[in-house]
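>>> Sequence first, then the predicted structure, then my questions.
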Amino acid sequence: KVTTVTNGDGKFTLPKLAPGNYDILVQMIGYSPYSKNIIISNQPIQIIIILTENTTFLNTVVIKPDPNRPYYISLFKDYFIGKTPNAADCKILNTQVLNIDDDKANRLITITASDFLIIENEALGYRLKYLLENFEYNYNSKIIYYAGHPYFEELKGSKAKQKRWLKKREIAYNGSTQHFFKSLYHNKITEEGFVINKLATIPNVMRLPDSLINANVKKLTAGRQGLINTLKFNGEDSLSYWIRQRNLPKTMNTLNRAPILIDTLVKKYNSDLKTMKFNDALYIIYKNEMEDASYSSSGLRQNRPLDIGNFQISLLYLREPIICFYGNGAILDPKSTLYSGYWGYEKIADMVPMDYIAGGKIQ
């Protein structure tokens, strides 16, 4: 939420920044938005920023309406803002800045923005200026990726509204990825209500090798190719058995509930960064809050042992050999992680600033 303006010479200062990773965002009417990532240590740094003119402000362009645009905007809102109860109270005020590309050959939708997205979050009491770098939705993998830089402004409201916002912000922060990585950095996982288990992917021993399955299906269907999908079997014959074998999953997930020692999971990289690496996936339980009622119909709910109950459960996968993260819960490379479960359910509507501190008071 740190902001400033330049003086007449274009100079600005952002004082008293704690060591860490920051995104500097610059906006000026008539120029394209600018972002630059910087790393602050114990010494002041100086940066030079050169803005470029925004041609969309300089030229009048007539654009033929896209009849499919409302569908894409709706998809973007669902996968970017989210479908949580807080998302129902979020509005994008300037969807006209969104540029949409549907690559049907690769089944990939890419969305960028020509200016800051203005998002009004009435649930948490924030007005966001979000500089969207990229948004991708892959129809085949069902993986959603987005990256950008948010700036938070406080909405004005009555004392009652502010009190409600403070409570909802704390709920949004608790159990989030930001909360998890901040707790992990400071070795306070247990105190903050998290439990980390390992979810391993192992071969399904009930499924026979592909070579054996295919050989038997081929032998039993010899002379009647093309009919396998229309023939009816009594379920007890040999062909039915081998078809069931072919339909079995090749792998199975197994949950190891033995406690994970943080010292073996997390290593110090430098004075500001820590790293983490692991195989398979982390099965992360947040025990201080229950899952929202609407989450059960989202299709993202994770299987669990009966004794875990309705606690929030998320899966964390690595897309790079290691991930690096800061003391405030920020991740150095957002593309190095992949989330499913409750973390895949919560999106922009449930995001709080990186400098958020739980237990705040009405000002």
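Great, that's in hand.
>>> rest of the way, CA atoms for contacts and neighbours
OK.
>>> Against I285, how distant is the nearest residue to W343 once chain neighbours are set aside?
Excluding the flanking residues, the one nearest W343 by Cα to Cα, 6 or more residues apart in numbering is S314, at 5.7 Å. With distances taken as Cα to Cα, to the nearest Å, S314 is found 7 Å from I285.
>>> now swap in Y173 and tell me
Per Cα to Cα, Y173 is found 15 Å from I285.
>>> re the thing from before, S314 and I285: which has the busier surroundings?
More neighbours surround S314 than the other of S314 and I285, with 24 against 21 (other Cα atoms under 10 Å).
>>> and N328, how many residues sit next to it?
21.
>>> ok, now which ones touch it?
178, 181-182, 354-355 (Cα atoms under 8 Å, 6 or more residues apart in numbering).
>>> Narrow the residues you listed to those that are buried.
178, 181-182, 354 (16 or more other Cα atoms under 10 Å).
>>> Looking at those, which two lie furthest apart in space?
Using Cα to Cα, the two most remote members of the buried ones among the contacts of N328 are F181 and M354, lying 11.5 Å apart.
>>> Which neighbours do those two have in common?
328-330.
>>> what about the longest strand in this structure?
Identified as the longest strand of the chain according to DSSP state E is strand 126-138.
>>> What are the buried residues along it?
By 16+ other Cα under 10 Å, the buried positions in strand 126-138 come out as 126-132, 135-137.
>>> Over to stretch 183-202?
Those would be 183-185, 189, 192-200, for stretch 183-202 by 16+ other Cα under 10 Å.
>>> now, which of those residues lie within helices?
Residues of the buried residues of stretch 183-202 located in helices (DSSP state H): 183-185.
>>> Contacts made by the host helix or strand of the residue nearest to W343 with the rest, please.
Taking DSSP states H and E as the definition, S314 sits inside strand 311-318. Strand 311-318 is contacted by residues 175, 277-278, 280-291, 301-302, 336-344 when judged by Cα under 8 Å, 6+ apart.
>>> Phi, psi for G344 please.
Per-residue torsions, G344: phi -80, psi -20 (degrees, to the nearest 10).
>>> Please verify my assumption that K268 contacts K274.
Yes: counting by Cα atoms under 8 Å, K268 touches K274, with 4.4 Å between them.
>>> ranges for the helices of the stretch 151-300 of the chain?
With helices called from DSSP state H, counting those that start in this stretch, the stretch 151-300 of the chain shows them at 159-173, 177-185, 210-220, 238-247, 262-265.
>>> low pLDDT regions in the stretch 251-363 of the chain?
For the stretch 251-363 of the chain, the stretches with pLDDT under 70 are 360-363.
>>> ok, the ones in helices among the buried residues of stretch 183-202 vs Y31, which is closest?
Y185 (38.4 Å).
>>> per-residue pLDDT, the closest one?
Model confidence at Y185, given as pLDDT, is 95.
>>> For it, which non-adjacent residue is closest in space?
With Cα to Cα, 6+ apart, the residue lying closest to Y185 is G327, at 5.5 Å.
>>> Please look at the one you found and F180 and confirm they touch.
No: assessed by Cα under 8 Å, G327 is found out of contact with F180, at 10.6 Å.
>>> highest average neighbour count across the helices of the stretch 151-300 of the chain?
helix 177-185 (a mean of 22; mean count of other Cα atoms under 10 Å).
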